[in-house]
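Q: structure for this input, please:
(chains A, B, C and D)
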Protein chains: 4
Amino acid sequence: MKRISLQPVHHILATKEMTVNQLLSQMTKTGVMGAGRLGRAADIYEMMLKDKECTKFFGLAGAMVPGGMKQIIIDMINDGWIDVLVTTGANLTHDLGEALGYRHYHSQEKISDAELHKQRLDRMFDSYMPDEIYEGLEDFFTKILPKLPKERMGISRFLREIAPQIPTKHPSILRACYEKNIPIYCPALADSGIGLQIWNYIQRHNLDVLAFEDLKEMLDIAWTAKKAGIFYVGGGVPKNYIQQALQLSKGATYAIQITMDRPEPGGSSGAELQEGISWGKLKEDAHFVNLICDTTIALPLIRAAVMDRMK
Amino acid sequence: MKRISLQPVHHILATKEMTVNQLLSQMTKTGVMGAGRLGRAADIYEMMLKDKECTKFFGLAGAMVPGGMKQIIIDMINDGWIDVLVTTGANLTHDLGEALGYRHYHSQEKISDAELHKQRLDRMFDSYMPDEIYEGLEDFFTKILPKLPKERMGISRFLREIAPQIPTKHPSILRACYEKNIPIYCPALADSGIGLQIWNYIQRHNLDVLAFEDLKEMLDIAWTAKKAGIFYVGGGVPKNYIQQALQLSKGATYAIQITMDRPEPGGSSGAELQEGISWGKLKEDAHFVNLICDTTIALPLIRAAVMDRMK
Amino acid sequence: MKRISLQPVHHILATKEMTVNQLLSQMTKTGVMGAGRLGRAADIYEMMLKDKECTKFFGLAGAMVPGGMKQIIIDMINDGWIDVLVTTGANLTHDLGEALGYRHYHSQEKISDAELHKQRLDRMFDSYMPDEIYEGLEDFFTKILPKLPKERMGISRFLREIAPQIPTKHPSILRACYEKNIPIYCPALADSGIGLQIWNYIQRHNLDVLAFEDLKEMLDIAWTAKKAGIFYVGGGVPKNYIQQALQLSKGATYAIQITMDRPEPGGSSGAELQEGISWGKLKEDAHFVNLICDTTIALPLIRAAVMDRMK
Amino acid sequence: MKRISLQPVHHILATKEMTVNQLLSQMTKTGVMGAGRLGRAADIYEMMLKDKECTKFFGLAGAMVPGGMKQIIIDMINDGWIDVLVTTGANLTHDLGEALGYRHYHSQEKISDAELHKQRLDRMFDSYMPDEIYEGLEDFFTKILPKLPKERMGISRFLREIAPQIPTKHPSILRACYEKNIPIYCPALADSGIGLQIWNYIQRHNLDVLAFEDLKEMLDIAWTAKKAGIFYVGGGVPKNYIQQALQLSKGATYAIQITMDRPEPGGSSGAELQEGISWGKLKEDAHFVNLICDTTIALPLIRAAVMDRMK
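A: Prediction:
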């Protein structure tokens, strides 16, 4: 009878002044349930970051800015933890809104949606965005869009043209990518508040932003990467777009996914990473973990733990 | 003390040869838990379809073709139940694959992802897509893309140019929309197997598909609609794109959402419809229901029940 | 290379006046995603009911009475579809409350929990129970408890003593079990509104209801069953108690589970049935399905479909 | 127009050597999405522990021992963070198994349930329990049960009689409660591996453990508590039993719930805490939070953060 290799479950010991890194290191030893997977996510990210041959793809979906994650993303970009960022139009809209001086809000009061509507507060679960942010976006785009180069470009290039126009007073994911020369892809940018501003502009002007242009760049990066590492914060287009590019790669060597979506409905967002092995998107012997957790909880923990491990 | 208006919970009586419509009609009377919401979804859809002033937006996400839902969508299009379809590139890719003669599969055997990879079967949860579908797609696009009009167009127009080229032997959602003159939007088409084929083509040819062009059409439809009705099968870009357009509308009068995604992480896919009231996307007095159910279960039930109520 | 046996995904065709059974029969052919699993649940239940050697265990958790499922359960008991019922104290409390003439309610109005409290309406998600039900329960138990035989008994026997005292005007799951001589187990009866009434009584009287007595009966049933079939509506103690008994059986031959709980947190409620193979609770070649669905949606559908297949 | 009181969303800054407490303190300021709720859970627990008038009820469900949480629970007991523990028979069985020298395991290998069955490894999601643990339990109970006092007792008293017999070599939740004189309730003890051992014993011996006896103690504690604080790790009977007792209290002043179960199916496990206001189980002005998270992730974080805040 074949012997199965088993490791005993270790019980976590919490101690005074414990660092996040100390706790996650203990979690790894609890096995492969929730805590064990969180610990393993930190371990895999550490491996990914320390592997000099690895191109690190980062898919960012969900309400990250209203959820308080903006600074962490910016710091990860600045520390070289992200080589390619794929995100949603919503994240870029919220990021740009804050860069223009607006804030997102929460409240301990219970407020009806009808009342919020009167006060022009747009609700995202339990966060509120002041609707006047759209006026700020309109001013911004009215000013800068006419100055864009009059040439055909993809969405990524379009974002690179916009980024240096963003005021520097407040931190911005988009500007951080620009400054660090990190390519940022947002295939569904039309599906966002920024999309609405561009629509407003193209009523009276031409703007030749091409839908498929970015694929060249993105697939080239995947194709030429010696090794690929992926980190999916949420699912949606950011995940699917990276997954698609990986079909042209050698398959990811490292992979982390954080989501609350279930796999059973069959959509891409909840699909477990190991599915990717059948497609050739993930190596058979890849280090990977499916972490089922609210991303606003897991991301700061992983970030804090792995910071301590990087020299 | 203000009297609350209460309705008693009725208990469902299942009977022999019961029709889907009879069962869902009983479910409505159970209240507002799962069964009650399913019953209410059918009631709202009936109202929406019978309201001649209502423009019906349909957002379709998730693995609908591998899940066996293709014919139902096509029949709904043909019966005039959908005025505007917004969907994902994956759904169009799977639809086109089947239109080209390929099938999706399932199996009672347990098969490892490594073995699936060897046999070139791409897994989507428990469904399999033969990888050779990509060869069929390549043949198709290699043949038709050179014939497309050499002019700037949006993604929706691009799909309308492709649709009549699809062979008629097998049913197709995309061709059904074309034949019924139903606009179809797919803002993230680049994020799909079809996107990959186009990328392949644009290595050597120009193809001026514009990223923001469709917004004009889509927002015009929302802006001019006397009333709006929405039906979200899953979340993702299809839902968000319609929600965004509704900001320019008078707010939806009827709204149905079917998803397994949770609202708490704050993303658009799981967000409850009533959030839309704060944004002006949903009327304060709208008829709406958030149905938490696998879409492949709920959609056929609602379709079958409402068919019996039309004329 | 080993050939995998694959079945193509069939697409559902919804037709006029379609019966629930016709629709679920089509769902089976869609594969093994949501709809396919629902169809398969009906198929397995049909097999289980038609197998004369099979003892049918039914675990019932969740707010089934406030959810409108009472009559279906009673009809299943009366039709001989259930041989052993395991349920929660909450279900028995709600059942008894309605048997005593109370109702559960829902409302289209939004009512704050504070307001509900003032009006003595106890909320269960979106259903309301009038708090005066407790007064009715107190009257009932004050009258009947003194008449119970003064002997040691288990919880199941205790329920069998109570059942014939329930007024016959309104239908009752508990009385239906009694009339059909179906054993009913409720290991956590203390954890319920009925438990509270008994506590009230035992302040001044002795009541020797034993905690472990039922195990004898329950395990004997499992031990002597030629074949076992299980149907779990929700998880909790009802599921776990049957699972535990199955350790003494030959392992279940047929198994259906309906729940929205996730497997990953590791608790019994969300655990997938196949885990039971490792324990010997489920046969290696069992017919089983994990259906991820709101139970108030799935149960009536399965009931209606299988009714048409019996005789 | 009434002004809504709004707080801006603060973005988390992760720093080197950051402690868990520092991170959770920042999370509180992100608002009321996932991270914000986790931060708030720590804040509320701190308040609860520092309020000398508060009786602290702790409901513990889910696979906590196979999940690596045993030591944390024991330390919380020893530190006086728990006044009343309500748990499942499964947790006590796993705890006792480890106290008797057995371990739980995990593995990086993929092992089929059929193979696990051959090797006598019982699977709980991704953890394994050696089936021989049952032999150890049988030895233990065969030895100690005959020595128990021959008198009527409730389940809690029964557990207090067993606890001092547990060998002291390995840590144990049950023995820690005994040593600290913390009452432990387990209404569904029959529904567990321990229940099976007792069943084995009562085949040949009398054992008068009463099902409803504990309610007296439990309800007295709730009734006489000046203030009540609750902490639910998972749902199930532990939560429901405490909730029920709170009906006799003044309503909880502090409340924390950690679960992945959804509220919509209407069961107790997923029900949001605010429902309790309608029942009088939760004060209208209570400090409470519904944290949607895997318990094995959230519990160690809260424990570590709050440790630093005590004294």
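Q: how close does the residue of the stretch 51-200 of chain A found nearest chain D sit to chain B?
A: Using Cβ to the nearest Cβ, the single residue of the stretch 51-200 of chain A nearest to chain D is A:G68, 2.8 Å away. (C-beta placed from N, C-alpha, C; glycine too.) Distance of A:G68 to chain B, computed by Cβ to the nearest Cβ, to the nearest Å: 11 Å.
Q: if you drop the residues flanking it in sequence, what lies closest to that residue?
A: D:T30 (2.8 Å; Cβ to Cβ, 6 or more residues apart in numbering or on different chains).
Q: check that neighbour and give its pLDDT.
A: Looking at D:T30, its pLDDT reads 96.
Q: which residues does the spatially most central residue of chain A bridge with?
A: Taking Cα atoms, centre = their mean, the centroid of chain A lies closest to A:L60, which sits 1.6 Å from it. Legend: beta-bridge partners of A:L60 under DSSP bridges are A:T87, A:V233.
Q: tell me if I'm right that it and A:G89 touch.
A: No - the pair A:L60 / A:G89 is not scored as a contact, 11.7 Å apart, by Cβ atoms under 8 Å.
Q: so who does A:L116 touch?
A: Neighbour list for A:L116: A:122-123, A:128, B:277-278 [criterion: Cβ atoms under 8 Å, 6 or more residues apart in numbering or on different chains].
Q: so which of these also contact chain D?
A: A:Y128 (Cβ under 8 Å from any Cβ of the partner chain).
Q: mind listing the strands for chain A?
A: Assigned by DSSP state E, chain A shows strands spanning A:7-8, A:54-60, A:84-87, A:105-106, A:121-124, A:127-130, A:153-154, A:184-185, A:209-210, A:227-233, A:252-259, A:282-292.
Q: let me have the ones you listed in JSON lines, adding mean pLDDT as columns.
A: Below are these laid out as JSON lines (pLDDT from 0 to 100):
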{"stretch": "strand A:7-8", "mean pLDDT": "96"}
{"stretch": "strand A:54-60", "mean pLDDT": "98"}
{"stretch": "strand A:84-87", "mean pLDDT": "98"}
{"stretch": "strand A:105-106", "mean pLDDT": "96"}
{"stretch": "strand A:121-124", "mean pLDDT": "96"}
{"stretch": "strand A:127-130", "mean pLDDT": "96"}
{"stretch": "strand A:153-154", "mean pLDDT": "95"}
{"stretch": "strand A:184-185", "mean pLDDT": "98"}
{"stretch": "strand A:209-210", "mean pLDDT": "94"}
{"stretch": "strand A:227-233", "mean pLDDT": "98"}
{"stretch": "strand A:252-259", "mean pLDDT": "98"}
{"stretch": "strand A:282-292", "mean pLDDT": "98"}
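Q: identify whichever of those strands lies nearest to D:D43.
A: Of all the strands of chain A, strand A:105-106 sits nearest to D:D43, with 14.5 Å by Cβ to Cβ.
Q: how about A:K150, what does it touch?
A: A:N206.
Q: before we move on, back to that, contact partners for the residue nearest to the centre of chain A?
A: Shown in contact with A:L60 (Cβ under 8 Å, 6+ apart): A:73, A:85-88, A:91, A:233-234, A:238.
Q: B:I202: which of those is nearest?
A: Nearest member of the contacts of A:L60 to B:I202, counting by Cβ to Cβ, is A:V86, at 19.5 Å.
Q: ok, A:M124 touching B:E272?
A: No - using Cβ under 8 Å, A:M124 is not in contact with B:E272; the gap is 11.0 Å.
Q: looking at these two, which one has more neighbours?
A: A count of neighbours by other Cβ atoms under 10 Å in any protein chain shown puts A:M124 above the other of A:M124 and B:E272, at 24 against 15.
Q: where's that one relative to chain B, distance?
A: For A:M124, the distance to chain B (Cβ to the nearest Cβ) stands at 6 Å.
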